[in-house]
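Novice: The following comprises the amino acid sequence and a computationally predicted model.
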Amino acid sequence: MALCAALPVAGQQVSDFQFFPIVARTAGVGGTQWVSDLTIYNPHDYELTVGLQFFPADQANVFNPLFPVRVTLDARETVILEDVLHGLFHYATDVKGALLTSSDHDLILANPEDDDFAAVTRTYNVGSPLGTFGQTVPALDFTYNAAWWPSIATGARNDERFRSNLGIANLSLFEEIQVHYRIRAADGSVLVEGVKPIPTASVRQWSFAQLGVGRVPGPLTVELWLDPASQTPDPCNVDFPNMFVGYVSKVDGNPDGTGDGEFIYAAPTEELDCPD
């Protein structure tokens, strides 16, 4: 997995390793019911197998390099795995977590070396009689932060109309990490700050209210950074350094509203420049 891959020019990427920080099959605030779909496209003129692993939130998880859950796509085929946590992983309800997909030929031996694929998730509310309201969540490796500089997500709101959640995913396969957070008001003042432990290969999510943010006017900005004790000394020279992905999920409804959700990745302020 390259840490210094070229940035995608659009909101999706084509690669052999794609990490989606949050998928769900669970009830939410205000009568919302959230489920996730996964869409995969094979851009090649030959069959390709994609392995999938689900890492439940709020617990330490173990990476399985055998990828026992797999989907095989014909040449140029697109598949949609609707309600993927139920249809493929057989969860009933009240579950969320991170989803890892890979077609790496070193892990899935049937695949050739040219093994990239495209994929995207959609997490949406099915609780409204008017139809579904959702948010597309791509896998974007330039949002991975393995360094000492912060990641920033702006555009959050927590007011009379909107509510927001903060999510942090741990991409380390071997240890828990500590991630600091700071939420700023529109005028730059600090509303709350603290540090959260994130279990191995997992994700945690909190409402802004749980973090101590009341209803405040104006847009909000989140800053996130790795604790120095969690930083890998030379992240360019290891396959899986300690790193995280942060995001804000903003929902129209606090509690009244459409239930429509938006997804905002936290972007690192600098790019890790690893030598080839």
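Specialist: Nice, thanks for sending it over. Numbers count the residues shown, from 1 in each chain.
Novice: Was I right to think Ile177 contacts Ala146?
Specialist: No - the pair Ile177 / Ala146 is not scored as a contact, 10.3 Å apart, by CB atoms under 8 Å. C-beta: built from backbone N, CA, C; applies to glycine.
Novice: Give me the common contacts of these two.
Specialist: Contact criterion CB atoms under 8 Å, 6 or more residues apart in numbering; residues shared by Ile177 and Ala146: 226, 242.
Novice: residues near Pro219, how many?
Specialist: 15 (other CB atoms under 10 Å).
Novice: Check the one 10 residues further on too.
Specialist: Look at Ala229: counted by other CB under 10 Å, it has 8 neighbours.
Novice: nearest residue to it other than its sequence neighbours?
Specialist: Gln178 (6.6 Å; CB to CB, 6 or more residues apart in numbering).
Novice: what's the one you found sitting at in phi/psi?
Specialist: Phi and psi for Gln178, reported as degrees, to the nearest 10, are phi -110, psi 130.
Novice: give me the beta-bridge partners of it?
Specialist: Pro197 (DSSP bridges).
Novice: from what I can see it touches Pro228, true?
Specialist: No - using CB under 8 Å, Gln178 makes no contact with Pro228, being 9.1 Å away.
Novice: These two - which one has more neighbours?
Specialist: For Gln178 versus Pro228, neighbours defined as other CB under 10 Å are more numerous around Gln178 (17 against 9).
Novice: how about low-confidence regions in the stretch 1-150 of the chain?
Specialist: 1-11 (pLDDT under 70).
Novice: mind listing what the residue lying closest to Ala153 once chain neighbours are set aside touches?
Specialist: Of all residues not flanking Ala153 in the chain, Ala266 sits nearest, at 3.9 Å (CB to CB, 6+ apart). Counting by CB under 8 Å, 6+ apart, Ala266 touches 143, 145, 151-153, 222, 224, 245-248.
Novice: Near the residue nearest to Ala201 when sequence neighbours are not counted, how many other residues are there?
Specialist: Once flanking residues are discounted, Ala201 sits nearest to Asn61: 4.2 Å by CB to CB, 6+ apart. Neighbourhood size, Asn61 [other CB under 10 Å]: 20.
Novice: From Phe54, how far off is Asn61?
Specialist: Separation of Asn61 from Phe54 (CB to CB, to the nearest Å) stands at 9 Å.
Novice: Ends of stretch 207-216, what's the gap?
Specialist: Start-to-end span of stretch 207-216 (CA to CA, to the nearest Å) is 14 Å.
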